[in-house]
Structure formats: C-alpha cells, structure tokens
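Asker: need the 3D shape of this:
(chains A, B, C and D)
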Number of protein chains: 2
Amino acid sequence: MRKVTVYDVAELAGVSIATVSFAFTRPDKVKAQTLRSVMEAADQLGYVPSGSARGLARGRTGAIGIYSYDYLLDPDEDKPATDTETPVPDGRLFPLYADEVQRGVQIECRRRGYALMLGGNRASDHLPHVIEVAGRVDGLIAFAGALTDNARRQVTARIPVVELGGLERDDARTVLVDNESGMHDLTLHLVEQHHHRRFAYVGELGTEEFKARRRGFERALGTHGITAPEIVPAHAGDDASTLRAVAEILARPERPEAIVCDTDQSALAAIVALRAAGLRVPDDVAVTGFDGILAGRIAAPVLTTVRQPMEQIGRAAVEILSRTLDGQDAVAPAPVLTCEVFVGSSCGTH
Amino acid sequence: MRKVTVYDVAELAGVSIATVSFAFTRPDKVKAQTLRSVMEAADQLGYVPSGSARGLARGRTGAIGIYSYDYLLDPDEDKPATDTETPVPDGRLFPLYADEVQRGVQIECRRRGYALMLGGNRASDHLPHVIEVAGRVDGLIAFAGALTDNARRQVTARIPVVELGGLERDDARTVLVDNESGMHDLTLHLVEQHHHRRFAYVGELGTEEFKARRRGFERALGTHGITAPEIVPAHAGDDASTLRAVAEILARPERPEAIVCDTDQSALAAIVALRAAGLRVPDDVAVTGFDGILAGRIAAPVLTTVRQPMEQIGRAAVEILSRTLDGQDAVAPAPVLTCEVFVGSSCGTH
DNA sequence: CGGAGAAATCTAAGCGCTTAGATTCTGCGA
DNA sequence: TCGCAGAATCTAAGCGCTTAGATTTCTCCG
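Answerer: Residues are numbered from 1 along each chain as shown, chains lettered A, B, ... in the order given. Down below sits the predicted model:
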C-alpha cells in the first residue's frame, strides 16, 4: 500500500503538483474545472495529504499539545484498576482535575481547528518526554509541576507554553485562577459559620496555585486572630501520603475540629482515613477540599470544597495559545477566573 | 525565535548533521565523546527535533489517532454545560462510553510509546475532518458510526484502522466484544428472576454492536417463548429521542413491565421520562441499560446494565494497531472480550 | 610499521508538501 | 487583429530530518 502523494494526484489530473496543492488549500485560486478534476483524481486514488510534509513545509503543525501528570496513566501498570489498597475513590473511575481541564482544552481545540496531541513517546534515552511532544506541536499546555525547569526552558525556546497553575513568566503564560480568594472564603465559612478554631492543613506548596491556597487559608485565619497550623505534607496524586498525614494529625494530643485539604483528592482520602480511625465526618471532624471534582460531588458526605472552573481553564489556555500563535500576544491579558465555595455536608451541618 | 535545527547543533558541536541525528536516534553508533559534545550543543541551543521533519523522513509519525463522535464536544456551543433542558445526567459531567474507552487508548498509547492525536481541524471545504486526522498518524481508532463508508475507504487505503463496534472487514479491524451474550444474559435475568413478560426495547441498529444486542435480546426471549417487541427508535447521543420513545411506549394501551434500553445513556433518560410521567422505577416499570458507565453506577436507582470492559477495549484497539504497524498482522486474532451483567436496583428488587 | 577490517563520520539524496516568482493563458478594449 | 493586464498554472527551491553508501579514522595484529 504505497502512499498516494500529490505527484500521483497531479499526474492523474494532468496538472502540476502545485495546482494540486492549491486545489486543497486555496480552491478559489484554481479554475473550477481544474478543481473538479483534481478532486476527482484525489478521491479516486484515496489521497490523504501527509501531515508531516505539510507541517514541515508550512512551519507549523496546526496541533496543540497537552502535557499532564503521569500518575493519571497507569500509575502501577500491573495492578488492575479495581484492586485498590484503600477504598479511596479510584482516579481511573472518576474524572479528576486534570481530566476536566483536558476536556475544556479538547473542546476549545476542536472549536478553533487545532488538533490535540496527548503525551508522546516515552522519554527516550536522551530526550525528555515533553520534548517529544513539543517537537510535534505549535504550542503546549502543561500543568505546573509536570515540567522541570530545564524542560520548560528548552520548550519555551521553541514554542509558546501555557503553564496551568504556575506563575506568569516572560517565557510561559498561565491561566489565572483566584485560588487565594477561594480558599480564603472557604476558610471563612468554616470559622464564621461553623465556629471552628482548631484546624489542620493538609497539602503542599509545590506550585503557585498551592501557595495561593495556603495564603488564602492563612489570611482568613489571620482575620480572626487564629494562628494557622503548619502544613502536614500530602500530595494529591498520592493517596498514601494523605493517609499518613491524617495518621500524624490524629496522633497529636489535641484533635482538630476541621481538616482543610488543598485538593479534593486529598480530602476524600482523608475522609477514608478518619473513618478507618473510627471518627465520623463531619460530626467528629470536618473536612474540606479544593477543586470541585465529580467524586467529591457524589461522595457521602458531599464534599465541601472550592470549585474551580475547570473546563473554562482548559478553554482559556487554548485561547491564550491561539492568540499567541496568531501573533497577537500583546493583546489584553487573560482575565482572572474565579472559584466558588461549594458547601456540601463534609464541613458540618451548620 | 528562529527554530534551532540539526544544522545549528552540528555546527556548534563541529560535526555533520548526520552525526547529530545518530546521536539522538542511535547513540550507540557514536563515540562517547562525540555524543557528549553533541548533547551539550543541543542543550545549550535548546534543540527540539521537529516532529514533522522526522515524520516525513521516517515515513511514520509515531502517533495514533482517535476519531470519536462529535456530540461529546460542544454539541451546542453556546449553551452552558449546566443548563440542561431535561434533568438527564450531563454527558459533560460524567464520563461516557467513549470517554472511558479513550482512557484505555490513552493508557496503552503511553505504554507503547505512541503519541495520541485527538480530532483535528474542522472539516475544511474539501477534506473531511477524519482525513485531516488520518494524515497525521500511523493508525486510526474510530468508533463505528463516526465514519462514513467513503471516509473509511479513503482512510483505510492509507493507514490501518480499528473500528470499534463495527464488523471485522478486510480493510478495518475491530475489537470483538460479546454484546450478544451480554444482552442475552441480562434479558434472561429479567425473565427468570423478575418474571417479566411484557417488554419494550428502546434503541437502534446503527452499528454491528447494536445489532448484536438486539439479537441477544431476541434470543433470550425466544428461549422463553416470548415474542420480542419492535424496536422503539432512540439514539444514545440524543436524550430527546429517548424521551420521545418513552412517551410513545406509555401511550400504548398496555404498559410494559420492563423497558430494555440498548445504552445506559438511553436508560438514564428513560428513567427521567418515566418519573416525569409519574411512574416509579423499578416498582411500576423496570429499566435496564447497556455499557456500564459511571453515571449509571451512581444513579438512584442504581442502573442494572451490562458492563463493557471499556478501558480494555481501548487498550486492545491500540494493541491491534500496534501489531499491525509492526507488520505482525497475521498474528493471533484479537480475543473476544466479554461483558458482564451488573444487577443494580433499576430492574426490580428481587 | 603497514595494512586490513571495523568503527566513526560524512556526503547527498530524498521524504511530500508549500509557495515565491516565472511562465503561459484568457478575455477584452482599442 | 494586436497588446496587455490579470488569472491560471507551472517551475523550482526549500522545510528539517533520516539513512544508504562513501569516506575517513581507529584498532589491532602479523
């Protein structure tokens, strides 16, 4: 099955390859009759233009890449999806933050006519994985934390990058989401509505968005003269770390009234851990999350959290990239997307 | 930001471009010292190999494409996701069949080192949408029904295609799932456990998998000497069609004891329609679905259905494609994946 | 120390498109 | 009928890689 090329089409249609190319890309430049005979020849031969050749000749591929965390894909290759060690909701069953953002990216790419490229070759010996992706696309959307400094430097030297959840830099844009206000408002709710004063905070400071959440937490407590507790380290992609964090908290002399987690995934795992320890949520301990993923919405108790506009984040990222690719980089900066406190029942029955 | 090419790297490293290429693709063929200086030069310049050039020169892109239904993406662009006309679970909130299959595809692509390409340019004036995708990848996974006959012909002439839910043909492979047995067993459950005898069947015969489900339904009823009812037409991607189907069924003189739907999406919509008509599920009417999507699992009542191994389907599709691309086409045919009846509470409290 | 064979590197020819710029057609007014 | 502008088409030069096959450099042994 030798591949059909412009040459074959040109020959059958009795024109030059340039005309074939024009017929597909600028049909108005070609006489109607010529156009028709080219199209007929193409159809008859089953011509499919080579994306590689196009990309090379045009200098752009028309595709956008998305570089996400690895832990969503086969964290443990040989472990069947259902065989979880803990009854924490399975990330492969419920869409997580990155999945919902990705959906937004997908929608907006489709709308704007970009192809979307996910992942790529495993890191080869000498090329980091993300480079493989970067070489195939016109722009890249990456989750902060998924990119090392070195990789970012290398990629941004070639194509525009939007880094979700990071700082706005001169080489990488980001979609601005007001994480700080979200966490601030949530914390205020806990203090003012539920009159909690003894808190624990489970999370990390890995990227800018996590730092902002922590700031919001501290600010809200500060307003009420409460000293913010230290961060008990846990990572969203690693339920075990949350279980450990909760164990550590429970080992303390005084049990907190509320455990504030910086992601829903952590919060859901925390609830599991608390239950395992014989505690009731929210009666004995209140728990809150951050993100607004589906699993939290349908959990029992329904998770109180801060909902991020995930689909919008994805769409905005594509929009920024698209503008940059069209050379309108200096246009109005991306507006700040807001998050919103969602009061479920895990924070206590008011 | 002129793009850094092999030429730049070669010059800085003091070697030919061939050596640069070798350094990246077959490092064992290059002297250690040369390798090092090439890598240093590449790193210093921020070299990112062009995927287009690679693809063109190698004759393959290393990417696999997935072509799915459109209705998942922005069916109604300007309608916010939450503003549903009916309270049918929103397909943008819960992952659907295609989403779960896609996840499997994603996982297996990653595992095997393929990049995954989603969608692509909107259909341009003269190129059908799928052709745009086909030109960029080494193989294509398509949902049956998403591909017209003409498009399939054209695409299969260039690259191997796995068509999910279709017939095995000489030009397109498929992943075999035993839909017939699944629906057969489910129907048997309704007859033998719940003693239902009056059925309605809501669905379609659009692709081979739907036909197989219908066959399973008829066969099970036949065993018990029950005549299968006509199909009341409804399409999974179109809740309104299910609502109409249910209305039609309820308008009949005799109400069925059970409504068998050929997808979960239909079944969930049917439940909504029945409730709207003042009927209780399953007390007044039993309802069953097919697929095993998340929304059905967490619905109230929990949907009785046939669970397809969706992730596995996606993975198997990639595996088949991968084998074909490696020229091992004639190797053992794909095993038949089985589905499994999942008894929830929508079929009656036995 | 010379030379053979292996290893390392290089030269050069594509891969299948796009697109300036050159060339050929067309239709129309004088 | 001729000349010419504008439309249609063509020629040819890349785009940035890979990879046969040629060439040069090493390595090792007689």
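Asker: in chain A, which residue is most central in space?
Answerer: residue A:98 (3.6 Å; CA atoms, centre = their mean).
Asker: tell me where chain A has strands.
Answerer: With DSSP state E applied, chain A shows strands at A:63-67, A:115-118, A:139-143, A:161-164, A:172-173, A:199-203, A:231-233, A:258-261, A:286-288, A:305-307, A:340-342, listed in chain order.
Asker: tell me the mean pLDDT for the fifth one?
Answerer: So that's strand A:172-173. Confidence over strand A:172-173 (mean pLDDT, whole number) is 88.
Asker: correct me, but residue A:224 touches residue A:190?
Answerer: No. Applying CB atoms under 8 Å as the test, residue A:224 and residue A:190 come out as separate, 10.2 Å apart. C-beta here means a position set from N, CA and C on the backbone, and glycine is covered the same way.
Asker: of all residues in the stretch 151-300 of chain A, which one is closest to DNA strand C?
Answerer: When scored by CB to the nearest atom of the strand, the stretch 151-300 of chain A has residue A:159 as its residue closest to DNA strand C, at 18.0 Å.
Asker: can I get the strands of chain A in TSV with mean neighbour count and distance to residue A:18?
Answerer: Formatted as TSV, the strands of chain A follow (neighbours: other CB atoms under 10 Å in any protein chain shown; distance: least, CB to CB, whole Å):
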stretch	mean neighbour count	distance to residue A:18
strand A:63-67	27	25
strand A:115-118	26	25
strand A:139-143	25	29
strand A:161-164	27	35
strand A:172-173	22	38
strand A:199-203	24	59
strand A:231-233	18	62
strand A:258-261	29	61
strand A:286-288	28	63
strand A:305-307	25	54
strand A:340-342	18	55
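Asker: rewinding a little: separation between the residue nearest to the centre of chain A and residue A:132?
Answerer: With distances defined as CB to CB, to the nearest Å, the gap from residue A:98 to residue A:132 amounts to 19 Å.
Asker: so who does the residue sitting furthest away from the middle of chain A touch?
Answerer: The outermost residue of chain A, judged against the average C-alpha position, is residue A:14 (49.7 Å), by CA atoms, centre = their mean. Applying CB atoms under 8 Å, 6 or more residues apart in numbering or on different chains, we find residue A:14 in contact with residue A:37.
Asker: which positions in the stretch 251-350 of chain A make contact with chain B?
Answerer: The interface of the stretch 251-350 of chain A toward chain B, taken as CB under 8 Å from any CB of the partner chain, is made up of A:294, A:298, A:311.
Asker: distance of the residue farthest from the centre of chain A from residue A:41?
Answerer: Applying CB to CB, one obtains 9 Å for the distance of residue A:14 from residue A:41.
Asker: just the helices in the stretch 201-350 of chain A please.
Answerer: Across the stretch 201-350 of chain A, reading from the start of the chain, the helices by DSSP state H, counting those that start in this stretch fall at A:208-223, A:239-250, A:264-276, A:294-297, A:310-325.
Asker: name the stretch among those helices that sits most buried.
Answerer: Each of the helices of the stretch 201-350 of chain A was given a mean neighbour count from mean count of other CB atoms under 10 Å in any protein chain shown, and the largest, a mean of 25, is that of helix A:264-276.
Asker: contact partners of that one?
Answerer: A:86-89, A:91, A:96-97, A:202-203, A:234, A:236-237, A:239, A:242-243, A:245-247, A:250, A:259, A:261, A:280-281, A:284-285, A:287-293, A:295-296, A:299, A:301, A:303, A:305, A:346.
Asker: switch the cut-off to 7 Å
Answerer: Under the contact criterion CB atoms under 7 Å, 6 or more residues apart in numbering or on different chains, helix A:264-276 has outside partners A:86-89, A:96, A:202-203, A:234, A:236, A:239, A:242-243, A:246-247, A:259, A:261, A:281, A:285, A:287-293, A:295-296, A:299, A:303, A:305, A:346.
Asker: with stretch A:154-174 instead?
Answerer: Where contact means CB under 7 Å, 6+ apart, the residues beyond stretch A:154-174 that reach it are A:101, A:130-131, A:134, A:137-144, A:147, A:152, A:175, A:207-209, A:313, A:317, A:320-321, A:324-325, B:1, B:3, B:46, B:48.
Asker: what about that stretch, start to end distance?
Answerer: In stretch A:154-174, first residue to last residue: 17 Å (CA to CA, to the nearest Å).
Asker: pLDDT below threshold where in the stretch 201-350 of chain A?
Answerer: Within the stretch 201-350 of chain A, the segments meeting pLDDT under 70 span A:329-333, A:350.
Asker: how about it: which residue is closest to chain B?
Answerer: In the stretch 201-350 of chain A, no residue comes nearer to chain B than residue A:298, which is 5.3 Å away by CB to the nearest CB.
Asker: per-residue pLDDT, residue A:88?
Answerer: The per-residue confidence score, pLDDT, reads 55 for residue A:88.
Asker: residue contacts, residue A:209?
Answerer: Residue A:209 makes contact with A:165, A:177, A:179, according to CB under 7 Å, 6+ apart.
Asker: repeat that for 10 Å
Answerer: A:143-145, A:164-167, A:174, A:176-177, A:179-180, A:182-183, A:262, A:290, A:308 (CB atoms under 10 Å, 6 or more residues apart in numbering or on different chains).
Asker: what residues does the stretch 1-150 of chain A have near DNA strand C?
Answerer: Among all residues of the stretch 1-150 of chain A, those adjacent to DNA strand C (criterion: CB under 7 Å from any atom of the strand) are A:3-7, A:17-18, A:21-22, A:24-25, A:47-50, A:53-54, A:56-58.
Asker: now, which of those residues lie within helices?
Answerer: A:6-7, A:17-18, A:21-22, A:24-25, A:53-54, A:56-58 (DSSP state H).
Asker: ok, residue A:155 to DNA strand D distance?
Answerer: Separation of residue A:155 from DNA strand D (CB to the nearest atom of the strand, to the nearest Å): 14 Å.
Asker: alright, that wraps it up for me.
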